[in-house]
Every structure is written in C-alpha cells, then in structure tokens.
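# Next comes the sequence, and after it the predicted model I'd like to discuss.
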Amino acid sequence: MDDIQKHVLAERALAVARHCIASRYAGAAFAYVAGSIMRGEGTTFSDIDLVVVFPSLQRAWRESFSVDGFPVEAFVHDPQTLAHYLHQDADSGYPIMVNMVVTGSILGPDIDNARVIQARAARMLAAGPKPLAGADYDLLRYQVTDLADDLRGARPPEEIAAIAALLYQKLADLILLGRGVWTGRGKWAPRLMKKLDAQLAAEFDAAFRLAAAGDGARFLALADRELALHGGRYFEGFKQDAPLEARHLG
C-alpha cells in the first residue's frame, strides 16, 4: 500500500469515526481516533481504535463492531474512568490506552479538554514505566526462571515450541522493563525491542524462531543471560501470598 492509499484509508477511517460518534455516541464530549490506520501503518485488515469520552458515565465499557467495512474497537469513558485506565497503564508497564490518547486525532466539541488530557498522557508516556521493583518484579523473574527451566533437558519439539510461546512475552517484558522502557503485548513487543536495540531484537527473534521449530537452546541461553542481569535464576525463596478474599465459604 503506497502513501496515497494509506492517506485515503486514514481519511475513510476518520469519516467512519465521525459517523460513529454522531450516531452511536451522541452526547460525547470528544473522542480520540487512533490505531495503525491513523499512524499511516494500516492495512485493509486494520481496525479503528476509538476512545470516546462523555462528560459523565455510570461506568466505562468497551465494545467491538463494524462500520463500512472497518472493524471498530471502542473504549467509552468519562474523564474519571479514563484517568483510572491511563494510570493503570502506567503502573502495568503496558501503555495501551496512553498510546491511543497520545497518538489519536481529536474529534468532538470539547477539544480544549481533550488536548489537556492528551498532554497529560504524553507526559506519562515520556516519563517511562515505573522501575521494576517489589512483588511484580519478583513474580516476573520467577516466571522467566520457571519457563526457562522447562526448556532445559530433552523435550519433544512440540513441547519446546509451546514453552517458548509462553516465555516470549515474559522475557520481552523483563528485557524492556528491565531497561527502563515501556513494554507491549503481541506485535508491540518486537516493535519496541527493535526500537530499543535492533541487534538484540534480531537475536531474540532468531532464537525464538528456532525454539518454535523445536530447538530451544538459543532461547534458553538468551533467557539465562537476561536473568543474570537481574541476579540470576529466581526460584529459591520466591513466595506469593493469596489475596485475603481467596476463600470459599459453604
């Protein structure tokens, strides 16, 4: 798809978003239209990410539907519920909603407040994730250790591939968050790793491809090397308390 086609696709997506707001979300104060199409990276299979903000709601929700051939993922909020999810993103290390707000095109009557929230989200994104520490850090180190240990020794190729699929996200999180940058799920993990360190990203990808084909040695070595930067394998002494409400009465 060339630049002209991408521009036409983005303009169509923006028109669909305007229609959605007028017909489906009448009364919304503003909306952010985001996603790969709006960034000029979309394909004919890409969806529209729509963050809709009302002055006030009883509760937020999300929904999926199609309009004029475009799949739409809508996240419907008021300013308070949107702030909750923006801060939840910052705490988790996955800036999904933050990115949508920062990169979204603004539609709707209350553009000034939309820009205020967008600027606040941009500052959160620029600040980066919180440092890895505490129980979340311990759990991530344990999860990478546990999955890496599953790759040790002789296993059937299909088991190695299944273990590597689970290890991919956890190891990517440790690599990215451990270096003080945001992490991402799915397609975003390799994109962010490449942005951080193209050589490391290529090594990670090559090792994972071998593991997916049944040879986990290089992926295991990469996991062990990363764990070494965080004090080595973490198994002995790991403890995770269950929540107090984890009790069935009856």
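Now that the structure is in, tell me what you want to look at.
# from here on, contacts and neighbour counts on C-alpha atoms
Will do.
# count of residues packed around the residue nearest to D138 when sequence neighbours are not counted?
Excluding its sequence neighbours, the residue lying closest to D138 (C-alpha to C-alpha, 6 or more residues apart in numbering) is F238, at 7.4 Å. Residues lying near F238 (other C-alpha atoms under 10 Å) number 11.
# Which parts of this protein are strands?
Under the criterion DSSP state E, the chain contains strands at 30-34, 48-53, 61-67, 70-77, 105-107.
# Do a quick rundown of the helices in this structure.
Here the chain has its helices, by DSSP state H, at 3-23, 79-92, 96-103, 111-127, 134-151, 157-178, 188-196, 198-212, 217-228.
# contact partners of the lowest-mean-pLDDT helix or strand in the chain?
The weakest-scoring helix or strand in the chain, judged by mean pLDDT, DSSP states H and E, is helix 3-23 (a mean of 86). Contact partners of helix 3-23, identified using C-alpha atoms under 8 Å, 6 or more residues apart in numbering, comprise 28, 31, 33, 37-38, 40-43, 48, 50, 52, 67-68, 70, 107.
# which regions of the protein sit below the pLDDT cut-off?
Applying pLDDT under 70 to the chain flags residues 1, 42-44.
# Quick check: can you list the domain ranges of it?
3-127, 134-228 (automatic domain parsing).
# Any chance of JSON lines for those domains, columns mean neighbour count and distance to A242?
Listed next are the domains of the chain as JSON lines, based on neighbours: other C-alpha atoms under 10 Å; distance: least, C-alpha to C-alpha, whole Å:
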{"stretch": "domain 3-127", "mean neighbour count": "17", "distance to A242": "20"}
{"stretch": "domain 134-228", "mean neighbour count": "18", "distance to A242": "12"}
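# which one of those domains lies closest to P243?
Using C-alpha to C-alpha as the measure, domain 134-228 is the one of the domains of the chain that comes nearest P243, at 13.3 Å.
# List phi and psi for the residue nearest to D138.
When read as degrees, to the nearest 10, the backbone of F238 gives phi -70, psi 140.
# Just confirm it contacts Y142, I think it does.
Yes: using C-alpha atoms under 8 Å, F238 is in contact with Y142, at 7.2 Å.
# still on that earlier bit, quick one: distance of the least confident helix or strand of the chain to the chain centre.
Relative to the centre of its chain, helix 3-23 is centred 24 Å away, using C-alpha atoms, centre = their mean, to the nearest Å.
# what does stretch 126-139 give?
15 Å.
# can you check stretch 22-36 too?
Counting by C-alpha atoms, centre = their mean, stretch 22-36 is centred 22 Å from the centre of its parent chain.
# sorry, back to before: CA atoms of the least confident helix or strand of the chain as PDB?
Written as PDB, here are the backbone C-alpha positions of helix 3-23 (Å, rounded to 0.1, in the frame of the first residue of the first chain):
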ATOM      1  CA  ASP A   3       1.400   6.600   0.800                       C
ATOM      2  CA  ILE A   4      -1.600   7.900  -1.200                       C
ATOM      3  CA  GLN A   5      -3.600   4.700  -0.500                       C
ATOM      4  CA  LYS A   6      -2.700   5.000   3.200                       C
ATOM      5  CA  HIS A   7      -3.800   8.600   3.300                       C
ATOM      6  CA  VAL A   8      -7.100   7.700   1.600                       C
ATOM      7  CA  LEU A   9      -7.600   4.800   4.100                       C
ATOM      8  CA  ALA A  10      -7.000   7.200   7.000                       C
ATOM      9  CA  GLU A  11      -9.500   9.700   5.700                       C
ATOM     10  CA  ARG A  12     -12.100   7.000   5.300                       C
ATOM     11  CA  ALA A  13     -11.400   5.800   8.800                       C
ATOM     12  CA  LEU A  14     -11.800   9.300  10.200                       C
ATOM     13  CA  ALA A  15     -15.100   9.700   8.400                       C
ATOM     14  CA  VAL A  16     -16.300   6.400   9.900                       C
ATOM     15  CA  ALA A  17     -15.300   7.600  13.300                       C
ATOM     16  CA  ARG A  18     -17.200  10.900  12.900                       C
ATOM     17  CA  HIS A  19     -20.300   8.800  11.900                       C
ATOM     18  CA  CYS A  20     -19.900   6.500  14.900                       C
ATOM     19  CA  ILE A  21     -19.700   9.500  17.300                       C
ATOM     20  CA  ALA A  22     -22.700  11.200  15.800                       C
ATOM     21  CA  SER A  23     -24.900   8.100  15.500                       C
END
